[in-house]
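S.K.: structure for this input, please:
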Amino acid sequence: MGPMATPGTGPDRDRDEAGRARSARPRDGLGRPLPRGAAGVPRQPEGVRRPPGQTLDEAQRLLDTGMPFHAHEVLEDAWKAAPPLERALWKGLAQLAVGLTHAARGNQAGAATLLRRGAAALQAYRDQDLYRVDVAGLITWAEAAARDPDSASSPSLRR
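M.R.: Residues are numbered from 1 along each chain as shown. Predicted coordinates:
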């Protein structure tokens, strides 16, 4: 690298199969990078198309095992693949998982912001029954968790 090069931007930067920059460093259960060679938690594969029920089951399993960052990745795949009228639902669910991630990492301000943002995204689905998602319960949970992120526990995604 030349004198003006930024670390991590040169030809030695980790890349995925498509050539996009992607860190190969192992991650902990909250998605934080660990030193190279450390034992980490396997990452969720990106771009997996799961049926909605399977997405919710996998995200719930990850939330229940204290891995909200990984649950966010599963929900983000659903968000990206969802029909236009469902995207805000999946985006809101992913934001709730990111809010939990921030809370677990000790970033209460970030947690509150993402929990409120996720609750706002879910408002449009309050009177719908998509995939048995407990929208009203999640909104109530997110609003309470945003007020006190330190006490946020994993929510139940479905009724």
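
S.K.: how far does the longest helix along the chain sit from the chain's center?
M.R.: If you go by DSSP state H, the chain has its longest helix at helix 87-104. Between the centre of helix 87-104 and the centre of its chain there are 5 Å (C-alpha atoms, centre = their mean, to the nearest Å).

S.K.: could I get the buried residue list for that helix?
M.R.: 88-104 (16 or more other C-beta atoms under 10 Å). For the C-beta atoms, the positions are set from N, CA and C on the backbone; glycine is no exception.

S.K.: show me what contacts the residue positioned nearest the centre of the chain?
M.R.: Central residue of the chain (C-alpha atoms, centre = their mean): residue 72, 1.7 Å from the mean position. Contacts for residue 72 (C-beta atoms under 8 Å, 6 or more residues apart in numbering) come out as 31, 94, 97-98, 101.

S.K.: and the pLDDT for the closest residue to it other than its chain neighbours?
M.R.: In space, and not counting its chain neighbours, residue 72 is closest to residue 97: 3.7 Å by C-beta to C-beta, 6 or more residues apart in numbering. pLDDT for residue 97: 97.

S.K.: now swap in residue 29 and tell me
M.R.: At residue 29, pLDDT is 76.

S.K.: distance of it relative to residue 75?
M.R.: Residue 29 sits 16 Å away from residue 75, going by C-beta to C-beta, to the nearest Å.

S.K.: those two - which one has more neighbours?
M.R.: Neighbour tally, residue 29 and residue 75, criterion other C-beta atoms under 10 Å: the higher count belongs to residue 75, 29 against 16.

S.K.: check the secondary structure at the more buried one for me.
M.R.: When classified by DSSP: H, G, I helix; E, B strand; the rest coil, residue 75 comes out as helix.

S.K.: tell me, how many residues neighbour residue 105?
M.R.: Counted with other C-beta under 10 Å, residue 105 comes out at 16.

S.K.: what is the burial count for residue 148?
M.R.: Neighbour tally, residue 148, other C-beta under 10 Å: 12.

S.K.: test my guess that residue 125 contacts residue 136.
M.R.: No - using C-beta atoms under 8 Å, residue 125 is not in contact with residue 136, being 9.4 Å away.

S.K.: overlap of the contact sets of the two?
M.R.: With contacts taken as C-beta under 8 Å, 6+ apart, residue 125 and residue 136 have no neighbour in common.

S.K.: thanks again, I'm all set now.
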